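J.: With the sequence up front, the predicted model follows.
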Amino acid sequence: MSDDSIQLAVIGGTGIYGLAELIDMSTELPLTDFGDPSGPVRVGRLREGGARIAFMARHGEAHSVPPHRINYRANLAALKSLGVQRVLALNTVGGITEDYGPGVLGCPHDLIDYTWGRISTICEEPGSEVIHVDFGEPYCRSLRQAVLQASMRAGISVIDGGVYGATQGPRLETRAEIARMRRDGCDLVGMTGMPEAGIARELGLNYACLAIVANWAAGAGPDPDEVITLDDVLANVAAATADVAKILHELTAR
């Protein structure tokens, strides 16, 4: 990999619309065969002389695109067009099982897709080549290990493993839905994990998720009657961003 190549792309979720630490930043507006991405790609470095990384806000930098309307294909194709090989998704999620309380960071190893009606493949258009990718292990093992090792070097606690349940949104889930997801084996719930992970696999990108637990899911946690507010979600995400930045520094260290 050349010194000028982009070593890592980061896709930010709810509450993460930029990386304040980026220096020497430029803006890229790639064109894709799948239409417009959620917004510009910001490319820069986390330190002088450091590796170049790319950042894209999944929902747009003004949080204007709801989960079911995100053009996941265009977002990932835009990153790939810049020469990106590794993509780390930052996903704001709810915690279902007891280890995943607000403020916790996790690197899930598996997922269950509950979404519907989204364009979920690059094989959508008539005449497209039909691709049957292996998806038994939806997250890239080597990138997951790199994230976990970077977190250890940074002194940041990240849970190794967990099952991410991707729901349709933009509404939050009912208690019965979360109870079902718990029975299914989900530890985390979010709205953007799919089809992003599947499309990344089709495009040949090494993709992993760093999940930021912003709240207990409905009916989970010590207070099953707790009402989830966006203000609480954003406050918990903001509190975790410093730790995320430290992990990214280690992950991109040469």
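T.: Happy to help now that I have it. Everything numeric in this text was worked out from a predicted model, so none of it was measured.
J.: And the helices in this structure, which stretches?
T.: Remark: helices assigned in the chain by DSSP state H are 72-81, 141-154, 175-184, 196-202, 230-251.
J.: Need the residue closest to the centroid of the protein.
T.: Central residue of the chain (CA atoms, centre = their mean): residue 89, 2.5 Å from the mean position.
J.: Adding mean neighbour count, write the helices of the chain out as CSV.
T.: In this view, the C-beta of every residue, glycine as well, is placed from N, C-alpha and C. Shown next, in CSV, are the helices of the chain (neighbours: other CB atoms under 10 Å):
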stretch, mean neighbour count
helix 72-81, 23
helix 141-154, 17
helix 175-184, 15
helix 196-202, 23
helix 230-251, 17
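J.: And these: which comes nearest residue 219?
T.: Nearest of these to residue 219, taken as CB to CB: helix 175-184 at 3.6 Å.
J.: Identify the residue nearest residue 195 in space, chain neighbours excluded?
T.: The shortest distance from residue 195 to any non-neighbouring residue, by CB to CB, 6 or more residues apart in numbering, is to residue 120 (3.6 Å).
J.: so the one you found makes contact with residue 193?
T.: No: under the criterion of CB atoms under 8 Å, residue 120 makes no contact with residue 193, lying 11.9 Å away.
J.: Next one: residue 13 relative to residue 170, how far apart?
T.: Distance, residue 13 to residue 170, using CB to CB, to the nearest Å: 13 Å.
J.: returning to what we had before: quick one: residues contacting the residue nearest to residue 195.
T.: By CB atoms under 8 Å, 6 or more residues apart in numbering, the residues touching residue 120 are 194-195, 198-199.
J.: Mind checking which of residue 13 and residue 170 has more residues around it?
T.: Comparing residue 13 with residue 170 by other CB atoms under 10 Å, the one with more neighbours is residue 13, at 26 against 11.
J.: Next up, the contacts around residue 78.
T.: Contacts for residue 78 (CB under 8 Å, 6+ apart) come out as 28, 30, 32, 37, 41, 56.
J.: Just give me the neighbour total for the first one.
T.: Close neighbours of residue 28, defined as other CB under 10 Å, add up to 15.
J.: what about it, distance to residue 79?
T.: 9 Å.
J.: any shared contact partners between the two?
T.: Here residue 28 and residue 79 have 41, 54 as joint contacts, going by CB under 8 Å, 6+ apart.
J.: For this structure, which residues score under the pLDDT cut-off?
T.: The chain contains residues with pLDDT under 70 at 1-3, 254.
J.: how about a cut-off of 80?
T.: Within the chain, the segments meeting pLDDT under 80 span 1-3, 224, 228, 254.
J.: coming back round to it: any chance of the contacts of residue 78 in TSV, with distance to residue 144 too?
T.: Converted to TSV, these look like this (distance: CB to CB, whole Å):
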residue	distance to residue 144
28	27
30	26
32	27
37	25
41	23
56	20
